[in-house]
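A.B. asks: dropping the sequence and predicted coords here.
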Amino acid sequence: NAGVTQTPKFRVLKTGQSMTLLCAQDMNHEYMYWYRQDPGMGLRLIHYSVGEGTTAKGEVPDGYNVSRLKKQNFLLGLESAAPSQTSVYFCASSYSGRTLTDGYTFGSGTRLTVV
Amino acid sequence: AQKVTQAQTEISVVEKEDVTLDCVYETRDTTYYLFWYKQPPSGELVFLIRRNSFDEQNEISGRYSWNFQKSTSSFNFTITASQVVDSAVYFCALSPRRTYNFNKFYFGSGTKLNVKP
């Protein structure tokens, strides 16, 4: 099925460990986004990409890095995980950033716990 | 400033009751989009509706209806004859239209709806 696929779905990390979350979309979307969802705070934008080879910071970029080497993939990295990064991470994509006919297409989320 | 407020943190109703989820937004932009998303217990985010700021017509889709009022900066969502399957967290989101940059989303904090049988 076409859509946005996130891997892994769950992960537990120890403080200081690193990891990469993978987001893949097969809809030929130009724009991709990483959000984190925390209780009572809705979704907050971490980083986004407006096309292959581009990345930009969102609202809460500190502690994260991203890469968009291929159009269909958007990677989110945590270099040194901290308990404050315990959250649910959502990847999303859209065909265009200017005309959102149906909003985003979201992945199913990655639940990350840092202990 | 751009902001979306969903003052209702959690609502519980009994099946077949009608329920309205409130959404109030702030923006200085004259052109913008408003969205509602549903997040069921399984966790994914499901798009429900998009409205643009020039279209204040109310919309009905089955048991769902949306009331957009620019005068009060509100975009409320009503579920008629609620069902247990409607139990989810519902997010309202604002996206100001930009001609030079992408449309960023501003999400509310969500309203958790519990529909009891």
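C.D. replies: Alright, I've got the coordinates. Residues are numbered from 1 along each chain as shown, chains lettered A, B, ... in the order given.

A.B. asks: do you know the pLDDT at the residue nearest to the spatial centre of chain A?
C.D. replies: Nearest to the geometric centre of chain A sits A:W34, at 2.7 Å (C-alpha atoms, centre = their mean). A:W34 is assigned 96 on the pLDDT scale.

A.B. asks: what does A:T101 give?
C.D. replies: So, for A:T101, pLDDT stands at 52.

A.B. asks: quick one: residues in contact with the one helix or strand in chain A whose mean pLDDT sits lowest.
C.D. replies: Least confident helix or strand, chain A: strand A:105-106 with a mean of 87, by mean pLDDT, DSSP states H and E. Contacts of strand A:105-106 with the rest of the structure, by C-beta atoms under 8 Å, 6 or more residues apart in numbering or on different chains, involve A:3-4, A:25, A:27, A:29, A:90-94, B:37, B:44-45, B:47. Where you see a C-beta, it was placed from the backbone N, CA and C, and this is true even at glycine.

A.B. asks: go on, stretch B:23-30?
C.D. replies: B:1-7, B:34, B:36, B:53, B:72-77, B:92, B:94, B:96-97, B:106, B:108.

A.B. asks: same thing but 10 Å
C.D. replies: B:1-8, B:32, B:34-36, B:53-54, B:66-68, B:70, B:72-77, B:90-98, B:106, B:108, B:111 (C-beta atoms under 10 Å, 6 or more residues apart in numbering or on different chains).

A.B. asks: buried ones among these?
C.D. replies: B:4, B:6, B:8, B:32, B:34-36, B:53, B:66-68, B:73-77, B:90-96, B:106, B:108, B:111 (16 or more other C-beta atoms under 10 Å in any protein chain shown).

A.B. asks: filter those by proximity to chain A?
C.D. replies: B:V4, B:Q6, B:F35, B:W36, B:F91, B:C92, B:A93, B:S95, B:Y106, B:G108 (C-beta under 10 Å from any C-beta of the partner chain).

A.B. asks: show me what contacts the second one?
C.D. replies: What that stands for is B:Q6. A:42, B:21-25, B:77, B:89-92, B:107-111.

A.B. asks: what's the closest of those residues to A:G63?
C.D. replies: Using C-beta to C-beta, A:G42 is the member of those that lies nearest A:G63, at 19.2 Å.

A.B. asks: quick one: the residue nearest to the closest one when sequence neighbours are not counted from B:Q39, how far?
C.D. replies: Leaving aside its sequence neighbours, A:G42 sits nearest to B:F107 (C-beta to C-beta, 6 or more residues apart in numbering or on different chains; 3.7 Å). Applying C-beta to C-beta, to the nearest Å, the value for B:F107 to B:Q39 is 11 Å.

A.B. asks: all set, thanks.
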